[in-house]
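A.B. asks: next come a sequence and a model predicted from it.
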Amino acid sequence: MVYSLGDKVITKKKHPCGGNIWTVIRTGADYKIKCDKCGRVVMLSYPEFLKAVKQKAVSDE
């Protein structure tokens, strides 16, 4: 699956704040994602990112 900037993704495990929906804010060799609930930013390598993501979130737009 291809992920782009601005995509919403759902992770397999919840963040300590209780949220599991994240926004992709950087792509490439590393992926940077931002928690939609608390705003925390996490940088993951591409293999770590693929392992952590369950699916793309459905957009209501």
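C.D. replies: Happy to help now that I have it. Numbering: from 1, shown residues only.
A.B. asks: so which strand or helix has the residue positioned nearest the centre of the chain?
C.D. replies: For the chain, the residue sitting closest to the mean C-alpha position, by Cα atoms, centre = their mean, is residue 22 at 4.0 Å. If you go by DSSP states H and E, residue 22 is part of strand 21-26.
A.B. asks: for the next helix or strand after that strand, packing partners?
C.D. replies: Using DSSP H and E, the helix or strand that follows strand 21-26 towards the C-terminus is strand 30-35. The contact analysis (3 or more Cβ pairs under 8 Å, 6 or more residues apart in numbering; DSSP states H and E) places strand 30-35 against strand 21-26, strand 41-45, helix 46-52. For every residue, glycine as well, the C-beta is placed using N, CA and C.
A.B. asks: output strand 30-35 as CSV - backbone C-alpha positions only.
C.D. replies: The C-alpha trace of strand 30-35 is given here as CSV (Å, rounded to 0.1, in the frame of the first residue of the first chain):
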residue,chain,number,x,y,z
ASP,A,30,11.7,7.5,7.3
TYR,A,31,8.1,8.2,8.0
LYS,A,32,7.0,10.9,10.4
ILE,A,33,3.5,10.6,11.9
LYS,A,34,1.5,12.9,14.2
CYS,A,35,-1.1,11.7,16.7
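A.B. asks: list the contacts of that strand.
C.D. replies: For strand 30-35, contacts defined as Cβ atoms under 8 Å, 6 or more residues apart in numbering pick out 3, 9, 15, 17, 19, 21-26, 40-46, 49.
A.B. asks: let's see it at 6 Å
C.D. replies: Outside strand 30-35, the residues that touch it by Cβ atoms under 6 Å, 6 or more residues apart in numbering are 15, 19, 22-26, 41-45, 49.
A.B. asks: now list the buried members of the residues you listed.
C.D. replies: 15, 19, 22, 23, 24, 49 (16 or more other Cβ atoms under 10 Å).
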